[in-house]
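1. A structural model of the following input is requested.
(one chain, ligands or ions: 1)
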Amino acid sequence: METMQAIRARRSVRKYKKGAPVAREQIERLLEAAMLAPSAVNSRPWEFVVTDKEEILQKLIEAHPASRMLLTASWAIAVCGRPDLQPKHNFWQQDCAAAVENILLAAADMGLGICWCGCYPAEPRTGAVKEVLGVDSVPVALIAVGVPDEAPAQKGFYDPAKVKFL
Ligand SMILES: Cc1cc2nc3c(=O)[nH]c(=O)nc-3n(C[C@H](O)[C@H](O)[C@H](O)COP(=O)(O)O)c2cc1C
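-> I've put the predicted structure just below:
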(Lines give C-alpha, C1' and ligand atoms only; values in the text may rest on other atoms or scores of the structure.)
Protein backbone atom coordinates (compact mmCIF):
# COMPACT_ATOMS: atom_id res chain seq x y z
CA MET A 1 0.00 0.00 0.00
CA GLU A 2 1.21 3.47 -0.76
CA THR A 3 2.08 5.43 2.42
CA MET A 4 -0.58 8.11 1.99
CA GLN A 5 -3.15 5.39 1.36
CA ALA A 6 -2.23 3.68 4.66
CA ILE A 7 -2.44 7.04 6.46
CA ARG A 8 -5.94 7.53 5.04
CA ALA A 9 -6.99 3.93 5.77
CA ARG A 10 -5.91 4.03 9.44
CA ARG A 11 -8.61 4.46 12.02
CA SER A 12 -9.41 3.23 15.52
CA VAL A 13 -11.20 -0.11 15.39
CA ARG A 14 -12.82 -1.22 18.63
CA LYS A 15 -14.50 -4.45 17.57
CA TYR A 16 -12.53 -7.45 16.31
CA LYS A 17 -13.38 -10.99 15.21
CA LYS A 18 -12.93 -12.81 18.51
CA GLY A 19 -10.41 -15.63 18.27
CA ALA A 20 -9.41 -14.75 14.70
CA PRO A 21 -5.75 -15.67 14.25
CA VAL A 22 -3.16 -12.94 13.94
CA ALA A 23 0.21 -14.64 13.50
CA ARG A 24 3.19 -13.89 15.70
CA GLU A 25 5.09 -13.00 12.50
CA GLN A 26 2.55 -10.24 11.83
CA ILE A 27 3.07 -8.91 15.35
CA GLU A 28 6.84 -9.00 14.82
CA ARG A 29 6.39 -6.98 11.65
CA LEU A 30 4.46 -4.37 13.63
CA LEU A 31 7.27 -4.32 16.18
CA GLU A 32 9.83 -3.88 13.40
CA ALA A 33 7.81 -0.87 12.20
CA ALA A 34 7.84 0.47 15.78
CA MET A 35 11.59 0.12 16.11
CA LEU A 36 12.18 1.86 12.76
CA ALA A 37 10.68 5.03 14.24
CA PRO A 38 12.96 8.00 14.81
CA SER A 39 14.11 8.70 18.36
CA ALA A 40 15.93 11.61 19.97
CA VAL A 41 19.71 11.11 19.72
CA ASN A 42 18.81 7.63 18.45
CA SER A 43 18.37 6.51 22.07
CA ARG A 44 15.48 4.15 21.26
CA PRO A 45 14.03 4.60 24.76
CA TRP A 46 11.34 1.97 24.47
CA GLU A 47 10.47 -1.63 25.14
CA PHE A 48 7.46 -3.68 24.11
CA VAL A 49 5.37 -6.18 26.03
CA VAL A 50 3.16 -8.38 23.90
CA THR A 51 0.45 -10.81 24.91
CA ASP A 52 -2.34 -12.90 23.46
CA LYS A 53 -3.21 -14.47 26.83
CA GLU A 54 -6.89 -14.10 27.64
CA GLU A 55 -6.29 -13.69 31.39
CA ILE A 56 -3.71 -10.94 30.90
CA LEU A 57 -5.95 -9.11 28.38
CA GLN A 58 -8.70 -9.25 31.01
CA LYS A 59 -6.38 -7.78 33.67
CA LEU A 60 -5.39 -4.98 31.28
CA ILE A 61 -9.07 -4.14 30.75
CA GLU A 62 -9.46 -3.87 34.53
CA ALA A 63 -6.33 -1.67 34.76
CA HIS A 64 -7.23 0.67 31.88
CA PRO A 65 -10.75 2.14 31.93
CA ALA A 66 -10.98 2.75 28.16
CA SER A 67 -9.54 -0.50 26.81
CA ARG A 68 -12.64 -2.68 26.64
CA MET A 69 -11.99 -3.41 22.97
CA LEU A 70 -9.32 -5.83 24.26
CA LEU A 71 -12.25 -8.18 24.97
CA THR A 72 -12.30 -9.19 21.30
CA ALA A 73 -8.69 -8.36 20.36
CA SER A 74 -6.25 -11.10 19.39
CA TRP A 75 -3.23 -9.35 20.93
CA ALA A 76 -2.22 -6.37 23.03
CA ILE A 77 1.06 -4.57 22.49
CA ALA A 78 2.24 -2.31 25.30
CA VAL A 79 4.67 0.40 24.23
CA CYS A 80 6.70 1.30 27.31
CA GLY A 81 9.13 4.18 27.75
CA ARG A 82 12.66 3.85 29.17
CA PRO A 83 13.58 7.36 30.44
CA ASP A 84 16.76 5.82 31.86
CA LEU A 85 18.00 5.31 28.26
CA GLN A 86 17.67 9.05 27.59
CA PRO A 87 19.13 10.72 30.71
CA LYS A 88 20.07 14.04 29.03
CA HIS A 89 16.75 14.61 27.27
CA ASN A 90 13.09 14.33 27.97
CA PHE A 91 11.79 13.26 24.59
CA TRP A 92 11.06 9.63 25.41
CA GLN A 93 7.28 10.17 25.38
CA GLN A 94 7.50 11.58 21.85
CA ASP A 95 9.76 8.74 20.76
CA CYS A 96 7.25 6.22 22.08
CA ALA A 97 4.38 8.04 20.34
CA ALA A 98 6.30 7.84 17.04
CA ALA A 99 6.73 4.09 17.60
CA VAL A 100 2.98 3.75 18.31
CA GLU A 101 2.05 5.60 15.13
CA ASN A 102 4.39 3.41 13.07
CA ILE A 103 2.61 0.33 14.47
CA LEU A 104 -0.76 1.84 13.57
CA LEU A 105 0.26 2.62 9.99
CA ALA A 106 1.88 -0.78 9.46
CA ALA A 107 -1.31 -2.41 10.79
CA ALA A 108 -3.42 -0.37 8.37
CA ASP A 109 -1.14 -1.51 5.56
CA MET A 110 -1.61 -5.16 6.66
CA GLY A 111 -5.40 -4.87 6.98
CA LEU A 112 -5.32 -5.35 10.75
CA GLY A 113 -7.57 -3.46 13.17
CA ILE A 114 -5.96 -1.55 16.00
CA CYS A 115 -6.80 0.90 18.75
CA TRP A 116 -4.36 3.16 20.61
CA CYS A 117 -5.19 3.28 24.33
CA GLY A 118 -3.19 6.00 26.03
CA CYS A 119 -1.58 5.32 29.40
CA TYR A 120 1.15 7.77 30.49
CA PRO A 121 0.75 10.33 31.99
CA ALA A 122 -2.79 9.43 33.12
CA GLU A 123 -3.01 7.85 36.54
CA PRO A 124 -4.01 5.50 38.02
CA ARG A 125 -4.05 3.59 34.71
CA THR A 126 -0.29 3.92 34.05
CA GLY A 127 0.61 2.45 37.42
CA ALA A 128 -2.08 -0.22 37.14
CA VAL A 129 -0.96 -1.32 33.65
CA LYS A 130 2.68 -1.31 34.78
CA GLU A 131 1.77 -3.67 37.59
CA VAL A 132 -0.08 -6.07 35.25
CA LEU A 133 2.89 -6.10 32.85
CA GLY A 134 5.46 -6.47 35.63
CA VAL A 135 7.87 -3.94 34.10
CA ASP A 136 10.08 -1.15 35.47
CA SER A 137 9.50 0.94 32.33
CA VAL A 138 6.61 3.39 31.84
CA PRO A 139 3.56 2.17 29.86
CA VAL A 140 2.85 4.91 27.31
CA ALA A 141 0.20 3.08 25.31
CA LEU A 142 -1.62 -0.19 24.99
CA ILE A 143 -2.43 -1.14 21.41
CA ALA A 144 -5.25 -3.59 20.75
CA VAL A 145 -4.68 -5.66 17.60
CA GLY A 146 -7.16 -7.92 15.85
CA VAL A 147 -9.06 -8.76 12.70
CA PRO A 148 -11.56 -5.90 12.21
CA ASP A 149 -15.23 -6.64 12.78
CA GLU A 150 -16.36 -3.08 12.08
CA ALA A 151 -15.48 -0.42 9.55
CA PRO A 152 -15.62 2.96 11.28
CA ALA A 153 -15.86 6.10 9.21
CA GLN A 154 -12.77 8.24 8.78
CA LYS A 155 -12.62 10.95 11.45
CA GLY A 156 -9.48 12.79 10.42
CA PHE A 157 -9.48 15.49 7.75
CA TYR A 158 -7.38 18.33 6.47
CA ASP A 159 -8.39 21.54 8.20
CA PRO A 160 -6.78 24.65 6.70
CA ALA A 161 -7.88 26.67 9.74
CA LYS A 162 -5.24 24.81 11.78
CA VAL A 163 -2.44 25.91 9.49
CA LYS A 164 -0.48 29.13 9.36
CA PHE A 165 1.86 29.58 6.43
CA LEU A 166 4.52 32.18 7.23
C1 LIG B 1 -2.87 9.53 22.96
C2 LIG B 1 -4.13 8.79 22.55
C3 LIG B 1 -4.83 8.09 23.50
C4 LIG B 1 -5.98 7.38 23.13
N5 LIG B 1 -6.60 6.61 24.08
C6 LIG B 1 -7.69 5.90 23.73
C7 LIG B 1 -8.30 5.05 24.69
O8 LIG B 1 -7.86 4.94 25.83
N9 LIG B 1 -9.37 4.32 24.30
C10 LIG B 1 -9.89 4.41 23.03
O11 LIG B 1 -10.89 3.72 22.76
N12 LIG B 1 -9.33 5.21 22.09
C13 LIG B 1 -8.24 5.94 22.42
N14 LIG B 1 -7.61 6.72 21.47
C15 LIG B 1 -8.12 6.74 20.08
C16 LIG B 1 -8.86 8.05 19.75
O17 LIG B 1 -10.10 8.08 20.41
C18 LIG B 1 -9.02 8.15 18.21
O19 LIG B 1 -7.75 8.21 17.63
C20 LIG B 1 -9.83 9.38 17.79
O21 LIG B 1 -11.16 9.26 18.22
C22 LIG B 1 -9.82 9.58 16.26
O23 LIG B 1 -10.35 8.44 15.61
P24 LIG B 1 -9.47 7.65 14.53
O25 LIG B 1 -8.27 7.06 15.24
O26 LIG B 1 -10.38 6.57 13.99
O27 LIG B 1 -9.04 8.62 13.48
C28 LIG B 1 -6.46 7.43 21.80
C29 LIG B 1 -5.72 8.13 20.85
C30 LIG B 1 -4.57 8.81 21.21
C31 LIG B 1 -3.76 9.53 20.15
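
2. contacts, neighbours, all on C-alpha from now
-> Fine.

3. For stretch 135-146, give me every contacting residue.
-> Applying C-alpha atoms under 8 Å, 6 or more residues apart in numbering, the contact partners of stretch 135-146 are 16-17, 20, 22, 47, 69-70, 72-83, 93, 96-97, 100, 112-121, 126, 129-130.

4. Which of those are buried, as a ChimeraX select command?
-> To isolate the buried members of those in ChimeraX, using 16 or more other C-alpha atoms under 10 Å:
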select :16,22,47,69,70,72,73,74,75,76,77,78,79,80,81,82,83,93,96,97,100,112,113,114,115,116,117,118,119,120,126,129,130
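
5. Now narrow the contacts of stretch 135-146 to whatever sits close to the ligand.
-> Filtering the contacts of stretch 135-146 for proximity to the ligand by C-alpha under 6 Å from any ligand atom leaves Trp116, Cys117, Gly118.

6. Sitting in strands, which of the contacts of stretch 135-146 do you find?
-> 47, 75-81, 113-118 (DSSP state E).

7. Format the ones next to the ligand among the contacts of stretch 135-146 as a markdown table; extra columns: pLDDT.
-> Formatted as a markdown table, these follow (pLDDT from 0 to 100):
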| residue | pLDDT |
| --- | --- |
| Trp116 | 99 |
| Cys117 | 99 |
| Gly118 | 98 |
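
8. can you tell me which of those lies nearest to Ala153?
-> Using C-alpha to C-alpha, the shortest approach to Ala153 within those belongs to Trp116, at 16.5 Å.

9. Check the gap between the closest one and Asn102 for me.
-> 12 Å (C-alpha to C-alpha, to the nearest Å).

10. Kindly report the residues of the protein close to the ligand.
-> So the chain meets the ligand at Arg11, Ser12, Ala66, Ser67, Trp116, Cys117, Gly118, Gln154, Lys155, Gly156 (C-alpha under 6 Å from any ligand atom).

11. out of these, which are buried?
-> Buried, going by 16+ other C-alpha under 10 Å: Arg11, Ser12, Ser67, Trp116, Cys117, Gly118, out of the residues of the chain next to the ligand.
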